[in-house]
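Undergrad: Sequence first, then the predicted structure, then my questions.
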Amino acid sequence: MPKASKLKLMPLPHSEETPGQRLARIRRERGFTQIELAEKTGMVQTLVSDYERGKLRLNADMILRFATALEVSTDALLQPAGPVESKKPSRKVLRRLERIEALPPAQQTTLLRTIDTFLEGAAARRTARRA
(Lines give C-alpha, C1' and ligand atoms only; values in the text may rest on other atoms or scores of the structure.)
Protein backbone atom coordinates (compact mmCIF):
# COMPACT_ATOMS: atom_id res chain seq x y z
CA MET A 1 0.00 0.00 0.00
CA PRO A 2 1.49 3.41 -0.98
CA LYS A 3 2.43 5.87 1.73
CA ALA A 4 0.47 9.09 2.10
CA SER A 5 2.35 12.10 0.77
CA LYS A 6 3.86 14.49 3.30
CA LEU A 7 4.03 17.30 0.76
CA LYS A 8 1.97 20.41 1.46
CA LEU A 9 0.75 21.18 -2.06
CA MET A 10 -1.34 24.22 -2.89
CA PRO A 11 -4.88 23.29 -3.90
CA LEU A 12 -5.62 23.66 -7.58
CA PRO A 13 -8.31 26.12 -8.67
CA HIS A 14 -11.64 24.33 -8.87
CA SER A 15 -13.12 23.85 -12.32
CA GLU A 16 -16.23 22.08 -13.50
CA GLU A 17 -14.53 21.68 -16.88
CA THR A 18 -12.21 18.73 -17.51
CA PRO A 19 -9.09 19.18 -19.67
CA GLY A 20 -10.83 17.31 -22.49
CA GLN A 21 -13.90 19.53 -22.25
CA ARG A 22 -11.61 22.57 -22.27
CA LEU A 23 -9.90 21.25 -25.42
CA ALA A 24 -13.30 20.75 -27.10
CA ARG A 25 -14.49 24.23 -26.08
CA ILE A 26 -11.32 25.92 -27.36
CA ARG A 27 -11.47 23.92 -30.60
CA ARG A 28 -15.05 25.09 -31.18
CA GLU A 29 -14.20 28.70 -30.22
CA ARG A 30 -11.39 28.67 -32.77
CA GLY A 31 -13.82 27.32 -35.39
CA PHE A 32 -12.24 23.92 -36.03
CA THR A 33 -13.94 20.58 -36.48
CA GLN A 34 -12.44 17.48 -34.92
CA ILE A 35 -11.39 16.35 -38.38
CA GLU A 36 -9.60 19.64 -39.10
CA LEU A 37 -7.82 19.55 -35.75
CA ALA A 38 -6.82 15.94 -36.36
CA GLU A 39 -5.32 16.87 -39.73
CA LYS A 40 -3.39 19.79 -38.19
CA THR A 41 -1.95 17.54 -35.46
CA GLY A 42 -1.25 14.53 -37.68
CA MET A 43 -3.69 12.16 -36.03
CA VAL A 44 -7.11 10.73 -36.75
CA GLN A 45 -10.43 12.24 -35.67
CA THR A 46 -11.26 9.40 -33.29
CA LEU A 47 -8.19 10.25 -31.18
CA VAL A 48 -9.25 13.90 -30.93
CA SER A 49 -12.68 12.70 -29.84
CA ASP A 50 -11.11 10.37 -27.25
CA TYR A 51 -9.04 13.23 -25.79
CA GLU A 52 -12.06 15.53 -25.67
CA ARG A 53 -14.24 12.91 -23.97
CA GLY A 54 -11.53 12.13 -21.42
CA LYS A 55 -11.10 8.59 -22.69
CA LEU A 56 -7.40 9.42 -23.23
CA ARG A 57 -5.37 11.64 -20.88
CA LEU A 58 -3.63 14.67 -22.32
CA ASN A 59 0.13 14.36 -21.86
CA ALA A 60 2.67 17.16 -22.33
CA ASP A 61 3.39 16.24 -25.96
CA MET A 62 -0.30 16.28 -26.91
CA ILE A 63 -0.93 19.55 -25.05
CA LEU A 64 1.87 21.14 -27.10
CA ARG A 65 0.52 19.70 -30.35
CA PHE A 66 -3.03 20.89 -29.66
CA ALA A 67 -1.89 24.33 -28.46
CA THR A 68 0.22 24.80 -31.59
CA ALA A 69 -2.57 23.64 -33.91
CA LEU A 70 -5.17 25.84 -32.18
CA GLU A 71 -2.73 28.78 -31.96
CA VAL A 72 -3.26 29.19 -28.20
CA SER A 73 -0.91 28.97 -25.25
CA THR A 74 -0.52 25.75 -23.34
CA ASP A 75 -1.95 27.65 -20.36
CA ALA A 76 -5.20 28.05 -22.27
CA LEU A 77 -5.49 24.26 -22.40
CA LEU A 78 -4.30 23.68 -18.84
CA GLN A 79 -5.87 26.48 -16.81
CA PRO A 80 -9.50 26.33 -15.77
CA ALA A 81 -10.42 29.71 -17.17
CA GLY A 82 -12.97 31.42 -19.38
CA PRO A 83 -13.01 31.81 -23.15
CA VAL A 84 -9.70 31.99 -24.97
CA GLU A 85 -8.76 35.49 -25.94
CA SER A 86 -7.92 35.25 -29.58
CA LYS A 87 -5.60 37.54 -31.47
CA LYS A 88 -6.76 36.05 -34.75
CA PRO A 89 -10.29 35.66 -36.09
CA SER A 90 -11.75 32.20 -35.72
CA ARG A 91 -11.89 29.83 -38.67
CA LYS A 92 -15.67 30.41 -38.84
CA VAL A 93 -15.12 34.13 -39.37
CA LEU A 94 -12.34 33.53 -41.90
CA ARG A 95 -14.54 31.15 -43.89
CA ARG A 96 -17.29 33.75 -44.02
CA LEU A 97 -14.84 36.43 -45.10
CA GLU A 98 -13.66 34.21 -47.94
CA ARG A 99 -17.27 33.75 -49.07
CA ILE A 100 -17.86 37.52 -48.90
CA GLU A 101 -14.72 38.19 -50.95
CA ALA A 102 -16.02 35.81 -53.64
CA LEU A 103 -19.16 37.95 -54.11
CA PRO A 104 -19.40 40.61 -56.83
CA PRO A 105 -18.29 44.08 -55.58
CA ALA A 106 -21.85 45.49 -55.46
CA GLN A 107 -23.06 42.61 -53.27
CA GLN A 108 -19.98 42.93 -51.05
CA THR A 109 -20.76 46.62 -50.48
CA THR A 110 -24.41 45.90 -49.64
CA LEU A 111 -23.52 43.11 -47.25
CA LEU A 112 -20.79 45.14 -45.52
CA ARG A 113 -23.19 48.08 -45.06
CA THR A 114 -25.70 45.70 -43.45
CA ILE A 115 -23.03 44.34 -41.13
CA ASP A 116 -21.87 47.89 -40.24
CA THR A 117 -25.45 48.92 -39.44
CA PHE A 118 -25.92 45.87 -37.23
CA LEU A 119 -22.63 46.51 -35.38
CA GLU A 120 -23.47 50.19 -34.83
CA GLY A 121 -26.87 49.21 -33.39
CA ALA A 122 -25.26 46.62 -31.10
CA ALA A 123 -22.70 49.17 -29.88
CA ALA A 124 -25.47 51.72 -29.21
CA ARG A 125 -27.46 49.16 -27.19
CA ARG A 126 -24.35 48.26 -25.17
CA THR A 127 -23.70 51.94 -24.45
CA ALA A 128 -27.35 52.52 -23.43
CA ARG A 129 -27.21 49.58 -20.99
CA ARG A 130 -24.12 51.00 -19.29
CA ALA A 131 -25.70 54.41 -18.77
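TA: Great, that's in hand.
Undergrad: show me what contacts Ser15?
TA: Ser15 makes contact with Pro80 under the criterion C-beta atoms under 8 Å, 6 or more residues apart in numbering. Where you see a C-beta, it was placed from the backbone N, CA and C, and this is true even at glycine.
Undergrad: sorry, that was for Gln34
TA: 27, 45, 48-49, 52.
Undergrad: ok, now with 6 Å
TA: The neighbourhood of Gln34, defined by C-beta atoms under 6 Å, 6 or more residues apart in numbering, consists of 45, 48-49.
Undergrad: Then Glu39?
TA: Residues near Glu39 by C-beta under 6 Å, 6+ apart: none.
Undergrad: Please apply the same query to Gly31.
TA: 90-92.
Undergrad: What segments of this protein are strands?
TA: In the chain, no strands are defined using DSSP state E.
Undergrad: Quick one: low-confidence residue ranges for it.
TA: 1-2, 11-14, 81-88, 131 (pLDDT under 70).
Undergrad: circling back to that earlier point, show me the contacts of Gly31 that map onto helices.
TA: Among the contacts of Gly31, the subset assigned to helices under DSSP state H consists of 91-92.
Undergrad: want to try JSON lines for the contacts of Gly31, with neighbour count and distance to Thr18 as columns?
TA: Converted to JSON lines, these look like this (neighbours: other C-beta atoms under 10 Å; distance: C-beta to C-beta, whole Å):
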{"residue": "Ser90", "neighbour count": "15", "distance to Thr18": "22"}
{"residue": "Arg91", "neighbour count": "15", "distance to Thr18": "24"}
{"residue": "Lys92", "neighbour count": "13", "distance to Thr18": "24"}
